[in-house]
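J.: Okay, here's the prediction I keep looking at, along with the sequence it came from:
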Amino acid sequence: MSCSGTDRQPWNKGKLIGAKPSLRLKHIWAIRSRLQLAGRKRDLTPFNLAIDSKLRGCDLVSLRLSDIAPRGYAVERATIRQHKTGRPVRFELTERTREAVDDYLKAIRTGAAGYLFPSRVHDGAHLSTRQYARLLRDWLGDIGLDPAIYGTHSLRRNKATMTYKRTGNLRAVQLLLGHTRIKSTVRYPGVEIDDALAIAEQTDV
């Protein structure tokens, strides 16, 4: 899903379409381990942040230092205003993500605009969503996954899907994703009738 509500010309000729699946836990750890062993701090930080924040790609790449590390080190919880909805969304940063951010900040020079992920191509700009998608394709290819099957939204879906499967709480997932409508959330974690029935069976009235 894009960050804009405007209609665009068809883009999907010859491409796989539909909701991109989330990664399995073993895939997340495989990518994370490879990035850690290779010392790729610039890659590990957006990967970990994408999982924790559950942000759309456009919101992730435009994060500023003041959003994540206002005092020079990563905070435990952050709040940003989403580009698509204009509504604020809050998310947590796990300890491993905070460590990755802190290590990353020691190794980079940020631009004047204060973006967490400054562009290497354009001064004063941030990493583009296209560059982010290209990074993801590299990460997936490194562990033998088909980049055509997954997308940046796969990382956004991960914690949302896991949270739903563990709790069955759609309202919690809606808040985590910053959705304005619950029907968007119903589609998002892949809620199926069997899931709903399983939850109902566990409810004794």
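T.: Received it, and whenever you're ready, just let me know what you need.
J.: need the helix or strand of the protein with the lowest average pLDDT.
T.: helix 193-201 (a mean of 54; mean pLDDT, DSSP states H and E).
J.: quick one: low-confidence ranges for this structure?
T.: The chain contains residues with pLDDT under 70 at 1-19, 109-113, 184-205.
J.: mind checking which helix or strand the residue nearest in space to the middle of it is in?
T.: In the chain, the C-alpha nearest the mean C-alpha coordinate belongs to residue 50, at 3.0 Å (CA atoms, centre = their mean). Assigned by DSSP states H and E, residue 50 falls within helix 41-53.
J.: Give me the contacts around that helix.
T.: 28, 31-32, 35-36, 55, 59-61, 63, 68, 78, 91-94, 96-97, 100-101, 103-104, 107-108, 116-117, 127, 132, 135, 139, 152, 155-156, 158-159 (CB atoms under 8 Å, 6 or more residues apart in numbering). In short, each C-beta sits where N, CA and C put it, glycine included.
J.: If you count contacts, what does the longest helix belonging to the chain end up packed against?
T.: Longest helix in the chain, counting residues (DSSP state H): helix 152-167. Contacts defined by 3 or more CB pairs under 8 Å, 6 or more residues apart in numbering; DSSP states H and E place helix 152-167 against helix 41-53, helix 57-61, helix 129-142, helix 170-177.
J.: can you redo the ones you listed as CSV with distance to residue 21?
T.: CSV is the format used below for these (distance: least, CB to CB, whole Å):
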stretch, distance to residue 21
helix 41-53, 15
helix 57-61, 16
helix 129-142, 12
helix 170-177, 16
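J.: Which positions in the strand or helix carrying residue 100 come out as buried?
T.: Residue 100 is located in helix 95-107, with elements delineated by DSSP H and E. Buried residues in helix 95-107, counted by 16 or more other CB atoms under 10 Å: 97, 98, 100, 101, 104, 105.
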